[in-house]
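In: give me a 3D structure for the following:
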Amino acid sequence: MIRHVMIGLLCSLLLVTQGWAEDMVRASNRNVDTGALFQRVEERARELAQEDFKPAATDMPESLANMDYQQYRSIRFRPEQALWHDQALFEVQLFHPGFLYREPVRINVVAENKVAALPFERARFRYDGKAAGLADEAPETLGYAGFRVHYPLNTEEYKDEFLVFQGASYFRLVGPGQAYGLSARGLAVDTAAPQGEEFPAFREFWLVQPRADDTRLIIFALLDSPSVTGAYWFEIQPGAPTGMRVDARLFARRDIAKLGIAPLTSMFHHGENGTRFVDDFRPEVHDSDGLQVLTGQNEWIWRPLNNPRTLRVTSMMDENPRGFGLLQRDRRFDHYQDMEAAYERRPGLWVIPEGDWGKGRVELVEIPTDSEVNDNIVSYWVPDAPMKAGESRRYAYRLRSVDAQVAEHALGSVLRTRIGWGAVPGQPDPPPRSVRQFVVDFRGGELASLSPDTPLDAELSHAVGKVRDLHVQRLPDGKTWRAIFKLDPQDSDVVDMRLYLSLRGQRLTEVWSYLWSPDAVD
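Out: Next up is the predicted model:
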């Protein structure tokens, strides 16, 4: 799965028929409010689902479609051309089509109870350097490749870019002090399925113009793909943290075997739990280091991420989940040593479902990768009941940017996971390399207040394999407690483990959930 900039090769962004766009404008002149406008977007999604899917018909000159990365980077939006420039806290800048983004989307602006399509204008861009000769190649009928939203997030003196919609149904957002990392998506269809993944796409947007002092922004989007259509209402509030409410109305064109709700896409190349040599000066390289889940039974679970040798798909069964997300807990620069990528500033994203989502599972997909340019981690909610052709569903949830921890998480949490050979130095008859020693450190919650002699227990469960030498000790910092054990997988291909710390039956930490495979060792 290729990172955000490569998504344009995998998907199809479609254009709404001109007739319907004109009908929307006529309707808007009858004082249509945002609620009524979204109803029309929803109606259009329902109508599209009853029609055959039509791939986009693009009319892009070869000089734009085939431009290279350096040419594309040399086309720069003129900040003074931003929507609502110097009129509101929010401003919107637009992306030029071309390079990987060959099928532009339609963008409309909703202002004073009117809807107006936003035509492509070359004057909004500077064509510098290697792109200097491309200005005359861009017809006024092109459309845009997406947009980014600016807001005074970190200082009143400057409007930071904090939200981007570009490529398929992908979007990214950050909070104060954060740098772009993982992406969210509108929908996932058949991810890691034998028939291949389908990438639904936002084909049209409606940007509701904010008042001068508004701190919330409303965006509508129309989603389309061979299997499903959808109407999306986004309400965004930048801040500490940046939050977004998503209201999705979905309509199935055909049966969908696996529907992925609130999908998140990230990258994990190597980290502290690695057991293979990586020829890299950086100790760790990842946008996210774990999957956090808050189950319907109020159990906090943390599963560290991996870069596996083979495709790995795992699930956590649940009913009415209370939250899940991909996080970057490790915020220390010295653990990454990368001045350019700033992995310690990458945000986590936390999904908070609204209402009852019923039975299903949080699914985690880990894909082998040999490069950090590839997004190889995906997570989403899969409802138990497949979506049938002609069926409609609604899913609403809140999406929140996160630093190291989810605010509601009050238990001790996993600080780090380290794994090594389970042999004793100098042992004359060492065990096979498949026998591993696990070191899992916990910190936070009530752990810091305990004396070093507190009789903490490590509660470890595993269905296969053999565990020995399980014990708990406090580290010299006085705040961190370590669980140590040795695992012999014996004849097992995979060992699924759960571990937490308790005091006389009282659980003090989240659950460490880990999937170990002997083939992970070089």
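
In: break the chain into its domains for me.
Out: Domain assignment for the chain by automatic domain parsing gives 4-402, 413-520.

In: worst average pLDDT in those domains?
Out: Mean pLDDT is lowest for domain 4-402 out of the domains of the chain, coming in at a mean of 91.

In: so how far is that domain from its chain's centroid?
Out: 8 Å (C-alpha atoms, centre = their mean, to the nearest Å).

In: ok, back up a step: can you lay out the domains of the chain as JSON lines showing mean neighbour count?
Out: For glycine as for every other residue, the C-beta is placed from the backbone atoms N, C-alpha and C. Listed next are these as JSON lines, based on neighbours: other C-beta atoms under 10 Å:
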{"stretch": "domain 4-402", "mean neighbour count": "18"}
{"stretch": "domain 413-520", "mean neighbour count": "16"}
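
In: how far away is the residue nearest to Q209 when sequence neighbours are not counted from P210?
Out: Distances taken as C-beta to C-beta, 6 or more residues apart in numbering place A111 nearest to Q209, at 4.0 Å, with adjacent residues excluded. With the distance defined as C-beta to C-beta, to the nearest Å, A111 ends up 10 Å from P210.

In: does R443 touch G412 like I think?
Out: Yes: assessed by C-beta atoms under 8 Å, R443 is found in contact with G412 at 6.3 Å.

In: got any residues that touch both of these two?
Out: Here R443 and G412 share the contacting residues W481, scored by C-beta atoms under 8 Å, 6 or more residues apart in numbering.

In: let me know the secondary structure of the residue in the chain sticking out farthest from the centre.
Out: For the chain, the largest distance from the centre (C-alpha atoms, centre = their mean) belongs to P428, which lies 48.3 Å off. Secondary structure, DSSP: H, G, I helix; E, B strand; the rest coil: P428 is coil.

In: which helix or strand contains R148?
Out: strand 146-155 (DSSP states H and E).

In: and the next helix or strand past that strand?
Out: strand 158-166.

In: what pairs with that next one, parallel or antiparallel?
Out: strand 146-155 (antiparallel), strand 170-173 (antiparallel) (DSSP bridges).

In: chain neighbours aside, what residue packs nearest to G271?
Out: E284 (4.7 Å).

In: ok, the one you found to Q328 distance?
Out: Counting by C-beta to C-beta, the gap from E284 to Q328 is 10 Å.

In: common neighbours of the two, please.
Out: Counting by C-beta under 8 Å, 6+ apart, the shared contacts of E284 and Q328 are Y343.

In: endpoints of stretch 165-178, how far apart?
Out: Using C-alpha to C-alpha, to the nearest Å, one end of stretch 165-178 lies 17 Å from the other.

In: could you do stretch 278-288 as well?
Out: So stretch 278-288: terminal residues 18 Å apart, C-alpha to C-alpha.

In: and if you look at stretch 312-325?
Out: Terminal-residue distance, stretch 312-325 (C-alpha to C-alpha): 18 Å.

In: quick one: residues in contact with it.
Out: Contacts of stretch 312-325 (C-beta under 8 Å, 6+ apart): 192, 262, 264, 291-296, 298, 301, 303, 306, 348-353, 356-366, 379, 381-382, 402, 406, 408, 513, 515.

In: go again using 6 Å as the cut-off
Out: Residues from elsewhere that reach stretch 312-325 (C-beta atoms under 6 Å, 6 or more residues apart in numbering): 192, 292-296, 348-353, 356-357, 359, 361-366, 515.

In: among those, name the ones in strands.
Out: 292-294, 348-353, 359, 361-366, 515 (DSSP state E).

In: re earlier: from P238, how far out is the residue nearest to Q209?
Out: Look at A111 and P238: by C-beta to C-beta, they are 20 Å apart.

In: then Q195?
Out: Using C-beta to C-beta, Q195 is found at 39 Å from P238.

In: for the residue nearest to R124 when sequence neighbours are not counted, grab phi and psi.
Out: Leaving out its chain neighbours, the residue that sits closest to R124 by C-beta to C-beta, 6+ apart is Q81, at 4.2 Å. Dihedral pair for Q81: phi -90, psi 0, per degrees, to the nearest 10.

In: is it correct that Q81 is in contact with R122?
Out: No: between Q81 and R122 there is no contact under C-beta atoms under 6 Å: 10.7 Å.

In: using CSV, list the CA coordinates for stretch 154-161.
Out: C-alpha atoms of stretch 154-161 as CSV (Å, rounded to 0.1, in the frame of the first residue of the first chain):
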residue,chain,number,x,y,z
ASN,A,154,0.2,27.3,16.8
THR,A,155,0.4,31.1,16.8
GLU,A,156,-1.9,34.1,16.0
GLU,A,157,0.8,35.4,13.7
TYR,A,158,0.6,32.6,11.1
LYS,A,159,-2.0,30.2,9.7
ASP,A,160,-0.7,26.7,9.8
GLU,A,161,-1.8,23.9,7.4
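
In: once you drop chain neighbours, what's closest to A385?
Out: Nearest one to A385, counting by C-beta to C-beta, 6+ apart, is G358 at 7.6 Å.

In: should've said A117
Out: Closest to A117 by C-beta to C-beta, 6+ apart is N108, at 5.3 Å.

In: likewise for K388?
Out: D255 (5.5 Å).

In: then L291?
Out: Of all residues not flanking L291 in the chain, R303 sits nearest, at 4.6 Å (C-beta to C-beta, 6+ apart).

In: measure the one you found to R211 for me?
Out: R303 is 43 Å from R211, by C-beta to C-beta.

In: dihedrals phi and psi, the residue nearest to Q209?
Out: phi -150, psi 140.

In: can you check the one 3 residues further on too?
Out: The phi and psi torsions at K114 (degrees, to the nearest 10) take the values phi -130, psi 150.

In: and what of P386?
Out: phi -60, psi 150.

In: now do the contacts for it.
Out: Contacts for P386 (C-beta under 6 Å, 6+ apart) come out as A257.

In: at 8 Å instead, please
Out: P386 neighbours (C-beta under 8 Å, 6+ apart): D255, I256, A257, K258, L259.

In: with respect to Y170, which of those residues is nearest?
Out: Y170 lies nearest to L259 out of the contacts of P386, by C-beta to C-beta, at 17.4 Å.

In: in this structure the closest one contacts K388, no?
Out: No: with contact defined as C-beta under 8 Å, L259 does not reach K388; the gap is 10.7 Å.

In: for the residue nearest to L291, identify the helix or strand it belongs to.
Out: Assigned by DSSP H and E, R303 falls in strand 300-304.

In: again, but for T310
Out: Counting by DSSP H and E, T310 is part of no helix or strand.
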